[in-house]
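heads up, no residue letters with this:
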């Protein structure tokens, strides 16, 4: 049963990041953009049962809940704390559950190598910053020079993610792939 160490604000006013004392997963992100996606995950399903919840994202000791903007955070935090505290710690919870966005597998060796370099750069320079803001980033597809990404957690509905952050990520990726174009879905 994970205990909540802190509840933090994120750049997205409709999202809060719960920092836990025990991990919910061991390096595997769980991202759900709707209650129907959450049917396969007991914790996410319980969180979506709380009125106003619009997305759930968690990895390791971090869990982010996004709401529709119509609820008071103090009231919502109290309701969300119950299923969070009741969840199984570590990799016992949701074993075998896949994330809501499929992991991309390029068709050819050249694209696999490109993706490996892109992923390494994103792992090093982008994902840690997004995680600190209560979110994440999944690579969806690489078609030619078009890289499609999906923001997770607090980043999924944050205005700055779709503007400044996306431009920053595209600029960073252009240091290794000068012609790459980023598209968010």
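Alright, I've got the coordinates. Note that this is a predicted model, so its numbers are computed, not measured.

ok, the residue most central in space within the chain - contacts?
Residue closest to the mean C-alpha point of the chain, counted by C-alpha atoms, centre = their mean, is residue 152 at 3.1 Å. By C-beta atoms under 8 Å, 6 or more residues apart in numbering, residue 152 lies in contact with 29, 31, 55, 57, 101, 135-138. To be clear about C-beta, it is placed using only N, CA and C from the backbone, and glycine gets the same treatment.

what's the farthest-apart pair in those residues?
55 and 137 (14.1 Å; C-beta to C-beta).

so between those two, which is more surrounded?
residue 55 (30 against 27; other C-beta atoms under 10 Å).

give me the secondary structure label for the more buried one.
strand (DSSP: H, G, I helix; E, B strand; the rest coil).

please shift the residue numbers so they start at 9 in all later answers.
Will do, 9 is the new start, and the previous item becomes residue 63.

could you find the closest non-adjacent residue to it?
Nearest residue to residue 63, sequence neighbours excluded (C-beta to C-beta, 6 or more residues apart in numbering): residue 74, at 4.2 Å.

can you pull out the strands in the protein?
12-17, 23-28, 38-40, 61-67, 70-75, 143-151, 154-161, 189-192 (DSSP state E).

list the contacts of the helix or strand of the chain with the lowest mean pLDDT.
Ranking every helix and strand in the chain by mean pLDDT, DSSP states H and E puts helix 167-168 at the bottom, with a mean of 72. Applying C-beta under 8 Å, 6+ apart, the contact partners of helix 167-168 are 19-20.
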